[in-house]
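Chemist: compute the structure for the input listed below.
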Amino acid sequence: MRAEYNYEDQSLLSAIKNGHEKAFDILFRKYYPMLCAYGNKFVELEDAEECVQEAMLWLWENKDMLVIQSSLSNYLFSIVHHRAINRIKQKEVKSRAENYFYEEMQSLIDDTNFYLIEELTIRIQEAVEALPESYKEAFVMHRFKNMSYKEIAGILGVSPKTIDYRIQQALKQLRIELKDYLPFLLSLLIKHV
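Modeler: Predicted coordinates for the structure are as follows:
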């Protein structure tokens, strides 16, 4: 029985070498399911199908130069095996490249963020220091010491409405002073939400 398959394959191969598309079609239909199942042992079915299609296309395009020293079936399985292994290697290389790129970009972003945060911290401190004393005092007590308007008003001996006004004025001045950093501040806030 094996000799018949070899004889049939040899006949098909001979016809294919002579350019008979019908012989190629018969060979394709005969081996396609088996080769896909074989390739699927190594790669996803979709990739296996592509490997088989590429192998068959290669066989047709190179029919004039074909020199097969083993059986045609062994030859086809070998081509699919090599293509599947190459597909795996390509995906691994692509995955490593993507991971490397991601890590490098993340590192660059982290480094950039670190320096921008450091610069922003200095700029905020300078901007707060530049506030008029009454604004700065109310702002620092509220924002950095988490005190309520009522508590600050009690300590400073003014009304809570005065404290509200001073803090609003401080925020207004800080927005003007730190306007160049607003996009960066927003990106930081969005990341941490």
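
Chemist: can you give me the neighbour number for residue 24?
Modeler: 18 (other C-beta atoms under 10 Å). (Glycine included, C-beta is placed from N, CA and C.)

Chemist: tell me, how many residues neighbour the residue nearest to it when sequence neighbours are not counted?
Modeler: The shortest distance from residue 24 to any non-neighbouring residue, by C-beta to C-beta, 6 or more residues apart in numbering, is to residue 16 (5.0 Å). Neighbourhood size, residue 16 [other C-beta under 10 Å]: 22.

Chemist: who are the contact partners of residue 81?
Modeler: By C-beta atoms under 8 Å, 6 or more residues apart in numbering, residue 81 lies in contact with 38-39, 42.

Chemist: okay, now the unreliable bits of the protein?
Modeler: Along the chain, segments meeting pLDDT under 70 span 1-5, 104-115, 182-193.

Chemist: could you identify the helix or strand that succeeds the longest helix along it?
Modeler: When the chain is scanned for its longest helix (criterion: DSSP state H), the result is helix 72-129. Toward the C-terminal end, the helix or strand that comes next after helix 72-129 (DSSP states H and E) is helix 133-143.

Chemist: quick one on the thing from earlier: so how far is residue 101 from the residue nearest to residue 24?
Modeler: According to C-beta to C-beta, to the nearest Å, residue 16 and residue 101 sit 44 Å apart.

Chemist: roughly how far apart are residue 26 and residue 179?
Modeler: Distance, residue 26 to residue 179, using C-beta to C-beta: 75 Å.

Chemist: since that was my last question, I'll sign off now.
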